[in-house]
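Student: Just need the structure, nothing else, for what follows:
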Amino acid sequence: MKFGQYIELFEDVPVGLKNKELWLDYLKEKYSKSKDLDKLYVSFVNVDKIGINPKSPYDTPIGVYTYPLEFVLEEEDVPFRGEIKPKKVKVLKALSEKVLDAYLTEAELNHYKDILKKQYKIDSVELLEWNNKARKKTAFGKLWNITRMLSLKLSKNKPEKSAKDMTPDELADALSGVNKTPAKNSAVIWNKLLRDLGFDYVQDNGFGIIHPSEPTQAVFLTPKAYKVIDEEFVDTEERFKETHNKETKDLIEKIQKDGWSPKLINKIIEEKRYSLLKVFQITGDKSDDALSLSIWLSKNGNNKLFEKLLPYFLKNNKLENIDFYIGIAIESWLDNKENYVPLLKLLSLKPDIKFDKEILKTHPIRLLNFLRNYITNDDLKTREAFIKYIEEN
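Tutor: Numbering: from 1, shown residues only. Below is the predicted model:
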């Protein structure tokens with residue numbers, strides 16, 4: 001009986017917790033007065049990790065794409081969080097000062113152009129064309145377009161693997177400059193061009209240079225340029241799924257290993273996790289769920305726990321294997337008349353008149369004595385049918 005078999009035990013998200021966003025209030029409260037605000041960035045993720053995606057469909061270099069936290073707090077929103085609803089927001093801190101941004105000067109632009117022209121033997125006319133066709137006519141915008149066009153040109157001369165076809169090690173080699181598996185994917189080459197010029201990340205503060213659809217954003221070109229310092233669930237629904245289901249998994253594993261106790265049963269009922277009551281212990285010499293344990297504990301006539309549990313089983317779990325519980329009850333209860341009433345309740349829940357072979361083998365005389373001498377047809381409509389079936393079998 002593995003954990004996966006109990007996936008149906010996870011409760012649905014309560015209506016009151018659906019789609020109530022947490023992330024913005026959390027960031028405001030924790031970081032609005034931070035001294036390092038200009039070094040902090042946020043990224044929305046669907047999986048619980050931050051990393052470079054080699055399969056990005058956008059015309060941008062591969063990297064970790066983020067929003068400056070200061071921008072997010074001012075706007076109180078972000079323009080794009082992905083087509084799939086993100087689970088968490090991660091807070092990153094820039095560890096490098098090597099940034100390409102709007103402070104790039106024309107003199108610096110010319111220096112970088114000379115480096116690229118010399119290293120890649122770019123024709124002067126071609127370089128001028130790339131320079132002049134930049135969407136934004138700033139030094140930042142021009143260098144961005146020059147490296148973009150150069151990456152496209154170089155990718156046409158690289159017939160080997162594209163980034164999406166690389167193994168993780170091959171991609172790491174390509175990003176680190178180890179030329180074992182040069183990529184024809186221009187996004188990988190573009191990343192490397194910018195890093196070779198000395199940049200660890202790029203920040204665009206409202207100019208739309210990285211991408212016109214998101215004028216303000218930043219992209220980290222290497223994991224060495226940032227550190228993940230914090231995270232929060234995007235909304236209450238994701239937090240519930242993550243934390244509540246983890247607690248449920250831990251409880252299931254505890255029950256399977258250590259079994260039930262009255263204290264644990266009461267805890268589950270108080271927390272309204274009724275479906276967990278049917279989890280069985282699967283180690284040691286016992287095999288009980290909460291209801292069967294309550295029957296054993298009621299042997300001396302104290303059946304308060306059983307009386308408390310039975311309604312939850314009937315409402316939430318259904319007594320699909322009623323003979324299992326009746327078998328335990330016959331073994332535990334027939335010696336004590338105080339338990340005849342709860343036994344009668346169990347018998348009244350049987351959907352048919354047949355009894356499990358194990359009951360007929362071990363307790364037929366005791367059960368017949370109970371049915372004949374201690375209850376009437378008014379107590380149990382199927383009494384006569386039960387007696388006849390036991391006598392015949």
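Student: how distant is the helix or strand that Leu152 is a member of from the center of its chain?
Tutor: Using DSSP states H and E, Leu152 maps to helix 139-156. Centre-to-centre, helix 139-156 and its host chain are 38 Å apart (C-alpha atoms, centre = their mean, to the nearest Å).
Student: what does it rub up against?
Tutor: 59, 61, 100-106, 108-109, 112-113, 116, 120, 122, 127, 130-131, 133-136, 183-187, 189-190, 193-194, 197, 202, 207, 209-210 (C-beta atoms under 8 Å, 6 or more residues apart in numbering). In short, each C-beta sits where N, CA and C put it, glycine included.
Student: From these, which land in helices?
Tutor: 106, 108-109, 112-113, 116, 120, 127, 130-131, 186-187, 189-190, 193-194 (DSSP state H).
Student: Those: which two are farthest apart?
Tutor: The span of these, defined through C-beta to C-beta, is set by Glu106 and Ala187 at 27.2 Å.
Student: Tell me how this structure divides into domains.
Tutor: With domains defined by automatic domain parsing, the chain comprises 21-234, 257-392.
Student: what would the ones you listed look like in JSON lines with mean pLDDT and mean neighbour count?
Tutor: JSON lines is the format used below for the domains of the chain (pLDDT from 0 to 100; neighbours: other C-beta atoms under 10 Å):
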{"stretch": "domain 21-234", "mean pLDDT": "85", "mean neighbour count": "17"}
{"stretch": "domain 257-392", "mean pLDDT": "80", "mean neighbour count": "16"}
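Student: picking that back up, which of the ones in helices among the contacts of helix 139-156 lies closest to Pro351?
Tutor: Relative to Pro351, the closest of the ones in helices among the contacts of helix 139-156 is Ala187; by C-beta to C-beta it sits at 63.5 Å.
Student: Nearest spatial neighbour of the closest one, chain-adjacent residues omitted?
Tutor: Excluding the flanking residues, the one nearest Ala187 by C-beta to C-beta, 6 or more residues apart in numbering is Ile62, at 4.6 Å.
Student: Leu193 is in contact with that neighbour, correct?
Tutor: No - applying C-beta atoms under 8 Å as the test, Ile62 and Leu193 come out as separate, 11.8 Å apart.
Student: Show me the residue sitting in the middle of this protein in space.
Tutor: Among the residues of the chain, Glu242 comes closest to the average C-alpha position under C-alpha atoms, centre = their mean, at 5.6 Å.
Student: that's a helix at it, yeah?
Tutor: Yes - the assignment for Glu242 (DSSP: H, G, I helix; E, B strand; the rest coil) places it in a helix.
Student: so where do the helices sit in the stretch 151-300 of the chain?
Tutor: Taking DSSP state H, counting those that start in this stretch as the test, the helices found in the stretch 151-300 of the chain are 168-176, 186-196, 236-239, 245-258, 262-270, 290-297.
Student: Format the ones you listed as TSV; extra columns: distance to Ile359.
Tutor: Output for the helices of the stretch 151-300 of the chain, formatted as TSV (distance: least, C-beta to C-beta, whole Å):
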stretch	distance to Ile359
helix 168-176	59
helix 186-196	70
helix 236-239	46
helix 245-258	26
helix 262-270	25
helix 290-297	14
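Student: closest one to Leu277 among those helices?
Tutor: For Leu277, the closest of the helices of the stretch 151-300 of the chain is helix 290-297, at 4.1 Å, according to C-beta to C-beta.
Student: How far off centre is the helix or strand just after the closest one?
Tutor: For helix 290-297, the following helix or strand on the C-terminal side (DSSP H and E) is helix 304-312. Put simply, helix 304-312 sits 34 Å off its chain's centre (C-alpha atoms, centre = their mean).
Student: repeat for stretch 212-231
Tutor: Centroid displacement of stretch 212-231 relative to its chain, using C-alpha atoms, centre = their mean, is 22 Å.
Student: returning to what we had before: can you list the domains of the chain in JSON lines and add distance to Glu247?
Tutor: Below are the domains of the chain laid out as JSON lines (distance: least, C-beta to C-beta, whole Å):
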{"stretch": "domain 21-234", "distance to Glu247": "15"}
{"stretch": "domain 257-392", "distance to Glu247": "9"}
